[in-house]
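>>> Here's a sequence, model it:
(one chain, ligands or ions: 1)
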Amino acid sequence: MNDPVENAKRLAAFKAVDNHVVDGVIGIGSGSTVVYAVERLAQRVKDEGLEVICVPSSFQAKQLIIQYGLKLGDLEMNPELKVTIDGADESDTMLTLIKGGGGCLTQEKILASCAEEFIVIADYRKASTNLGEQWRKGIPIEVIPGAYRVVYQKIEKLLGGKSELRMSGSSKAGPVVTDNGNFLLDWNFEGVKDWKHVENCLNMIPGVVENGLFVGMARKAYFGMSDGTVMERNV
Ligand SMILES: O=C[C@H](O)[C@H](O)[C@H](O)COP(=O)(O)O
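Now for the predicted structure:
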């Protein structure tokens, strides 16, 4: 693979699947890095007879599971996950994450919360010291459509910064609609020190469904590097 970023994603994903997946129920995150994790899972099922049931975090993840011929599960049938493997938009050194750049944060957070282990896979661009160093698009927040305006006013009053409604771009007029039929705000924060406080504060605003800050959930992350190695971070 010639593209260093894609190569890095693949290395991280393969290593995480090799080190953390055993027979059982697996949560499948969303995004471009997770594609490689599903590819590796399918290889291991074929080559080693690994027996996994995969619970998707999004429409995209469900399609991937089906495309690779893996067993599809859901949280009603399979509420306890051995491990959830997922990408991230940014991670600080404590594995505080920003997620939801692809709009799938709510189901992702649910899957992370149901797993014995939550493992992050990403390329080297996502590894920061402090959040906001690399990811400039703000913190994704899923909101009930009719409440988007009052929610962003309240966020600015409570926490400062600026929020924007995420728009679809040229593919559709109007805002992005999540897998749950909601809208997304991207909140550009300023001067945050306590991420747990912010995560809780955002979720207390009526109309907020979930936010893309994952604080204290991940204990291990694999970052594929441009030199072909994989950097591991543990907390
Ligand atoms: O909503 C999307 C998810 O949180 C993704 O896991 C995140 O955006 C990272 O995606 P990628 O692996 O494409 O960088």
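
>>> Below-threshold pLDDT in this structure: ranges please.
Counting by pLDDT under 70, the chain has no low-confidence residues at all.

>>> So for the biggest strand by length in it, what gets flagged as buried?
Longest strand in the chain, counting residues (DSSP state E): strand 115-123. By 16 or more other Cβ atoms under 10 Å, the buried positions in strand 115-123 come out as 115, 117-123. Any C-beta I mention is one placed from the backbone N, CA and C, and that applies to glycine too.

>>> check these against the ligand, which are close?
When Cβ under 6 Å from any ligand atom is applied, no member of the buried residues of strand 115-123 is adjacent to the ligand.

>>> Nearest to the ligand among these?
Distance to the ligand, by Cβ to the nearest ligand atom, is smallest for A122 among the buried residues of strand 115-123, at 6.4 Å.

>>> where along the chain do the strands fall?
With DSSP E as the criterion, the chain has strands spanning 24-28, 52-56, 71-72, 81-86, 90-91, 97-98, 115-123, 139-143, 162-165, 183-188, 208-211, 213-214, 220-224, 230-234.

>>> Give the pairing partners of the fourth one; include direction for each.
Strands flanking strand 81-86 in the sheet, each with its direction: strand 24-28 (parallel), strand 115-123 (parallel) (DSSP bridges).

>>> Kindly reformat those strands as JSON lines containing distance to L184.
Formatted as JSON lines, those follow (distance: least, Cβ to Cβ, whole Å):
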{"stretch": "strand 24-28", "distance to L184": "21"}
{"stretch": "strand 115-123", "distance to L184": "21"}
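
>>> Show me the one of the strands of the chain that comes nearest D3.
strand 115-123 (10.1 Å; Cβ to Cβ).

>>> how big is the angle separating that closest one from strand 230-234?
Between the axes of strand 115-123 and strand 230-234, defined by axes from the mean of the first three to the mean of the last three Cα atoms, to 10 degrees, the angle is 140 degrees.

>>> List of residues touching strand 115-123?
5, 8-9, 12-13, 16, 20, 27, 33-34, 36-37, 80-88, 91, 95, 97, 112, 217-224 (Cβ atoms under 8 Å, 6 or more residues apart in numbering).

>>> And these, which of them are buried?
Counted by 16+ other Cβ under 10 Å, those give 8-9, 12-13, 16, 20, 27, 33-34, 36-37, 81-88, 91, 95, 97, 112, 217-218, 220-224 as buried.

>>> Could the C-alpha coordinates of the lengthiest helix in the chain be exported in PDB?
Ranked by number of residues, the top helix in the chain under DSSP state H is helix 4-20. The C-alpha trace of helix 4-20 is given here as PDB (Å, rounded to 0.1, in the frame of the first residue of the first chain):
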ATOM      1  CA  PRO A   4       1.200   6.300   4.200                       C
ATOM      2  CA  VAL A   5      -2.000   7.300   5.900                       C
ATOM      3  CA  GLU A   6      -4.000   4.300   4.700                       C
ATOM      4  CA  ASN A   7      -1.100   2.000   5.500                       C
ATOM      5  CA  ALA A   8      -1.000   3.400   9.000                       C
ATOM      6  CA  LYS A   9      -4.700   2.800   9.500                       C
ATOM      7  CA  ARG A  10      -4.400  -0.700   8.300                       C
ATOM      8  CA  LEU A  11      -1.400  -1.500  10.500                       C
ATOM      9  CA  ALA A  12      -3.200  -0.200  13.600                       C
ATOM     10  CA  ALA A  13      -6.400  -2.000  12.800                       C
ATOM     11  CA  PHE A  14      -4.700  -5.400  12.100                       C
ATOM     12  CA  LYS A  15      -2.700  -5.200  15.300                       C
ATOM     13  CA  ALA A  16      -5.700  -4.400  17.400                       C
ATOM     14  CA  VAL A  17      -7.700  -7.300  15.900                       C
ATOM     15  CA  ASP A  18      -4.800  -9.700  16.400                       C
ATOM     16  CA  ASN A  19      -4.200  -8.600  20.000                       C
ATOM     17  CA  HIS A  20      -7.700  -8.200  21.300                       C
END
